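Colleague: next one to model:
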Amino acid sequence: MSNILDSLSIELRRGTLTLAVLSQLRTQQYGYSLVQKLEKSGIIIEQSTLYPLLRRLEKQELVKSIWDTTESRPRKYYLLTEFGRDVYETLKEEWLKNSSELSKLLEGDGHDEFN
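Modeller: Numbers count the residues shown, from 1 in each chain. A predicted model of the protein is given here:
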């Protein structure tokens with residue numbers, strides 16, 4: 001059961017991480033600041049997960065990256081593209097709708113035929 005549960009948990013988390021990252025890129029963020037913002041909200045994401053996700057989002061043209069070389073240490077910042085903002089808003093609406101529907105189902109969970 002543990003392997004199945006782990007697999008299903010990872011699958012569930014994968015989609016939520018994408019939405020969480022997109023939600024924070026409405027303003028320009030670099031990788032470490034993004035990790036900090038997400039952690040502050042209770043969402044833990046490893047850098048080994050974040051950077052491949054950012055590259056995938058950039059390849060999908062949802063996110064653009066910009067190098068800032070004005071500081072002593074260059075930083076790569078990420079920001080939603082216009083297309084990315086549209087996709088984010090649509091995904092957010094879908095998430096809220098699905099969450100509401102699922103909550104209704106789960107609230108009734110204590111009254112099913114298995115009890």
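Colleague: how near is residue 38 to residue 92?
Modeller: Using C-beta to C-beta, to the nearest Å, one obtains 16 Å as the distance from residue 38 to residue 92. No exception for glycine: its C-beta is placed from N, CA and C like everyone else's.
Colleague: more neighbours: the two, which one.
Modeller: Neighbour count, other C-beta atoms under 10 Å: between residue 38 and residue 92, residue 38 has more, with 19 against 13.
Colleague: what helix or strand is residue 66 located in?
Modeller: strand 63-68 (DSSP states H and E).
Colleague: quick one: mean pLDDT for that strand?
Modeller: Averaged across strand 63-68, pLDDT comes to 96.
Colleague: partner strands of that strand, parallel or antiparallel?
Modeller: strand 75-80 (antiparallel) (DSSP bridges).
Colleague: the biggest helix by length in the chain vs strand 75-80, what angle?
Modeller: Selection of the longest helix in the chain by residue count, based on DSSP state H, yields helix 82-107. If you take axes from the mean of the first three to the mean of the last three C-alpha atoms, to 10 degrees, helix 82-107 sits at 70 degrees to strand 75-80.
Colleague: and helix 82-107, what's buried?
Modeller: Neighbour-count burial for helix 82-107, counted by 16 or more other C-beta atoms under 10 Å, picks out 84, 87-88, 91.
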